[in-house]
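Colleague: predicted coordinates and the sequence they were generated for:
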Amino acid sequence: MVIINKVHFFRKNKNLTQEELAKMVGVSRKTIVSLEKGNYTPSLLLAFQIAKALDMDLTEIFSLGENGE
């Protein structure tokens, strides 16, 4: 199982830069880059903070998928 995220899609829809989102949730821009590339799985707290910052439901941004999706 893997966590699929749509952070990049929703961040762009809100016209936010990676830097702006990073500041909103208290992480570095590099963390957002890694997250968007699928190289980093956020903690539950960070996932909720991102959802709140993007004004989205957590399950709209993050979902569970099979390996290879």
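Modeller: Happy to help now that I have it.
Colleague: contacts only, for V7.
Modeller: With contact taken as CB atoms under 8 Å, 6 or more residues apart in numbering, V7 is in contact with L21, I32, L35, E36, I50, L54, I61. (Glycine included, C-beta is placed from N, CA and C.)
Colleague: can you tell me which of those residues are in helices?
Modeller: Among the contacts of V7, DSSP state H puts L21, I32, L35, E36, I50, I61 in helices.
Colleague: the third one: how many residues sit nearby?
Modeller: The one in question is L35. Other residues near L35 come to 24 when the count uses other CB atoms under 10 Å.
Colleague: excluding its backbone neighbours, what's nearest it?
Modeller: Nearest-residue entry for L35: V7, 5.6 Å, with adjacent residues in sequence omitted and distances by CB to CB, 6 or more residues apart in numbering.
Colleague: quick check: the gap between that neighbour and I50.
Modeller: Distance, V7 to I50, using CB to CB, to the nearest Å: 6 Å.
Colleague: common neighbours of the two, please.
Modeller: Counting by CB under 8 Å, 6+ apart, the residues touching both V7 and I50 are L21, L35, I61.
Colleague: pretty sure the first one sits against N13.
Modeller: What that stands for is L21. No: between L21 and N13 there is no contact under CB atoms under 8 Å: 11.8 Å.
Colleague: more crowded one of the two?
Modeller: Counting neighbours by other CB under 10 Å for L21 and for N13 shows that L21 has the greater number, 24 against 11.
Colleague: tell me which stretches of this protein form helices.
Modeller: Counting by DSSP H, the helices of the chain are 7-13, 18-25, 29-36, 44-53, 58-61.
Colleague: which of the residues in the shortest one are buried?
Modeller: Buried residues in helix 58-61, counted by 16 or more other CB atoms under 10 Å: I61.
Colleague: next up, the contacts around I61.
Modeller: By CB under 8 Å, 6+ apart, the neighbours of I61 are N5, K6, V7, F10, A47, I50, A51, L54.
Colleague: confidence score at it?
Modeller: Looking at I61, its pLDDT reads 97.
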